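Trainee: Give me coordinates for this.
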Amino acid sequence: VSDADFAPLERRPIALSIETKKPGEGWEGARLQLGVWQMGHWGFLMYLIEIQAEKRQARRAEVWDLVITTLDGAKTKFWHKLLMGNTLDTKGIYKLVCSLQILRTWAEESYWP
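Mentor: Numbers count the residues shown, from 1 in each chain. All right, here's what the predicted structure looks like:
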């Protein structure tokens, strides 16, 4: 289920993918890469189980966004791009850490069971 070689994660679907772009490389490149990953991941999940929504994360330089997608027929549909936090200042780092903790809880309690 997971492409990780780490035994505790072998039976748990990937809950968070991170795409990193340098400043100025733009959102569209990150969106395209996430779309390709999501399509492959959705196909595999649909093969294993029926699932309706998934969360992914895109990182652009110092700013982190949460990207929410669903499978729409044979296409990956992007619903939202929400700011998770940033690494520019202390408040942004705290927001990012909190956001990642919320995603961890979601993965452990809702996505993986």
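
Trainee: In the chain, mark out all the helices, start to finish.
Mentor: Assigned by DSSP state H, the helices in the chain fall at 27-48, 90-106.

Trainee: rank these by mean pLDDT and give me the bottom one.
Mentor: Among these, helix 27-48 has the lowest mean pLDDT, at a mean of 76.

Trainee: so who does Gly43 touch?
Mentor: With contacts defined as CB atoms under 8 Å, 6 or more residues apart in numbering, Gly43 has no neighbours. Using the backbone N, CA and C atoms, a C-beta is placed for each residue, glycine as well.

Trainee: Could I get the helices of the chain in TSV, plus columns for distance to His80?
Mentor: Converted to TSV, the helices of the chain look like this (distance: least, CB to CB, whole Å):
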stretch	distance to His80
helix 27-48	12
helix 90-106	13
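
Trainee: Quick one, which of those gets closest to Leu66.
Mentor: Leu66 lies closest, by CB to CB, to one member of the helices of the chain: helix 90-106, at 6.9 Å.
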